[in-house]
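# model the following, please.
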Amino acid sequence: MSQRKTPGDTSRATIRDVAGRAGVSVASVSRVLSGNHPVSDDLRRRVLKVARELDYVPNSHARPPAGGRTPTVAVLLDAITGAAFAHVAKGVEGAAALRGWLSLVGTTGGDPERELALVDLVRQQGVAAVVLLGGAYDVEAYQERMARFARTLDAAGSHLVLVGRPPLTGDAPVTTVDYDNEGGAYAMANHLLSAGHRRILVLPGPGDLTTAQGRLNGVRRAFATYGAPFEATMVRHGPYDYEHGSRAVQDALRRGADFTAVLAGTDVVAAGAMQALREAGLRVPEDVSVVGYDDIPLASQLTPQLTTVHVPYEEMGHVALRAAADWRRGGDARRSGGDGGRQVLGTHVVVRQSVQPPARPA
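So this is what the prediction gives:
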């Protein structure tokens, strides 16, 4: 059996070394490392563990010229510092590593032209899949651009996966991995309404972003279900950042808005809102309740701990990579566009300490 290499050992491990240490055939190791064949999770983990221990590097010159390269997935997102979609990227990378795939990460800064350039660049690099993360501006130009991306990638033997984005109309070869965005906002608004709140300051996000539109729709639907009047003047649109949460609450207080709760579009926005309330001498939740959306680690680190909507971001990354791998293998998973290529994961409210009934009746 091959032994672990010592620091002074400069000999290069071979695929036979990996197979011998793992107790499997050379063909099994090849299937795991190529990522082109279905293998069990146990076999994949065992082979990859041994490959790491032996510092095994495949000989690229020994590979077949076509279809033998290690599959690569390109993950494109607005900003690498965004906590929520960083967890999606983590999920993609983890699932890719299990399959012996490589992962690349690129940032678009929310610029459609930059997005276009990056997709074209990774297509030229022959990636197996492109995963685009985050909300989008659901206009005709977006639909046309995404459909063009999907067809161009498909022609090059790659596949486009949209995560947290609206599905495309028509028959573009694309997979969409989404979450119940509107349902999560509906459940959260319902939680506040059940506690007796009616004057709720809503900070759903940028007004023309699909993510924010879905969350606002969920809030409106909850009010309608309760038969409670919803006031558009209680909505403050803005970016998903700490500063917007703080400014929106400060502005509402300055204008004399009478609210007993804040429903923020993200946990980061909620954190900014909580800080503004504290600076104004108001307590959370005794004077004003605050809730968020995403359930990133920050939510449980705030004081009080934040009630929020849990979104399974890391699982979305796993599902996205699995969909890309299934597409690459072909078979039943190869679908075209529309709802047939859409998978929706559930969301739920995580109740913590930032909500209580209003101090004064609604």
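# contacts and neighbour counts: CA atoms only from here.
OK.
# can you show me the strands along the protein?
With DSSP state E as the criterion, the chain has strands at 72-77, 102-107, 129-133, 159-163, 174-179, 200-203, 261-264, 289-291, 308-310, 342-345, 348-350.
# tabulate those strands (CSV), appending mean pLDDT.
Output for the strands of the chain, formatted as CSV (pLDDT from 0 to 100):
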stretch, mean pLDDT
strand 72-77, 92
strand 102-107, 90
strand 129-133, 92
strand 159-163, 93
strand 174-179, 93
strand 200-203, 98
strand 261-264, 98
strand 289-291, 98
strand 308-310, 98
strand 342-345, 92
strand 348-350, 98
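# those: which one's closest to residue 211?
With C-alpha to C-alpha as the criterion, residue 211 lies closest to strand 174-179 of the strands of the chain, at 10.3 Å.
# which strands and helices sit next to that closest one?
Judged by 3 or more C-alpha pairs under 8 Å, 6 or more residues apart in numbering; DSSP states H and E, strand 174-179 is in contact with strand 159-163, helix 313-329, strand 342-345.
# deepest of those, which one?
Looking across the helices and strands packed on strand 174-179 with neighbours counted as mean count of other C-alpha atoms under 10 Å, the highest average goes to strand 159-163: a mean of 27.
# centre of the chain to the helix or strand of the chain with the lowest mean pLDDT, how far?
In the chain, the helix or strand scored least confidently by mean pLDDT, DSSP states H and E is helix 26-34, which has a mean of 77. Put simply, helix 26-34 sits 30 Å off its chain's centre (C-alpha atoms, centre = their mean, to the nearest Å).
# tell me the buried residues in it?
Neighbour-count burial for helix 26-34, with 16 or more other C-alpha atoms under 10 Å as criterion, is recorded at 26, 28, 29, 30, 31, 32, 33, 34.
# who's in contact with the second one?
Pointing back at residue 28 there. Listed by C-alpha atoms under 8 Å, 6 or more residues apart in numbering, the contact set of residue 28 reads residue 19.
# now it: how far from residue 346?
Distance from residue 28 to residue 346, counting by C-alpha to C-alpha, to the nearest Å: 36 Å.
# try the third one
Distance check for residue 29 against residue 346: by C-alpha to C-alpha, it reads 36 Å.
# kindly report the same for the fifth one.
Between residue 31 and residue 346 the distance, using C-alpha to C-alpha, works out to 33 Å.
# rewinding a little: any chance of the strands of the chain in JSON lines, plus distance to residue 248?
JSON lines is the format used below for those (distance: least, C-alpha to C-alpha, whole Å):
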{"stretch": "strand 72-77", "distance to residue 248": "26"}
{"stretch": "strand 102-107", "distance to residue 248": "28"}
{"stretch": "strand 129-133", "distance to residue 248": "27"}
{"stretch": "strand 159-163", "distance to residue 248": "29"}
{"stretch": "strand 174-179", "distance to residue 248": "27"}
{"stretch": "strand 200-203", "distance to residue 248": "8"}
{"stretch": "strand 261-264", "distance to residue 248": "10"}
{"stretch": "strand 289-291", "distance to residue 248": "13"}
{"stretch": "strand 308-310", "distance to residue 248": "19"}
{"stretch": "strand 342-345", "distance to residue 248": "31"}
{"stretch": "strand 348-350", "distance to residue 248": "24"}
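# ranking those by burial, who's on top?
Most buried among those, counting by mean count of other C-alpha under 10 Å: strand 289-291, with a mean of 30.
# hmm, who's touching it?
Taking C-alpha under 8 Å, 6+ apart as the rule, strand 289-291 contacts 188, 260-264, 267, 270, 273-274, 284, 306-308, 354-356, 358.
# now with 7 Å, please.
260-264, 270, 284, 306-308, 354-356 (C-alpha atoms under 7 Å, 6 or more residues apart in numbering).
# shaky segments in the stretch 101-250 of the chain?
137-139 (pLDDT under 70).
# what about the helices in it?
112-124, 140-155, 181-194, 210-226, 242-254 (DSSP state H, counting those that start in this stretch).
# so which of those helices is nearest residue 234?
helix 242-254 (8.5 Å).
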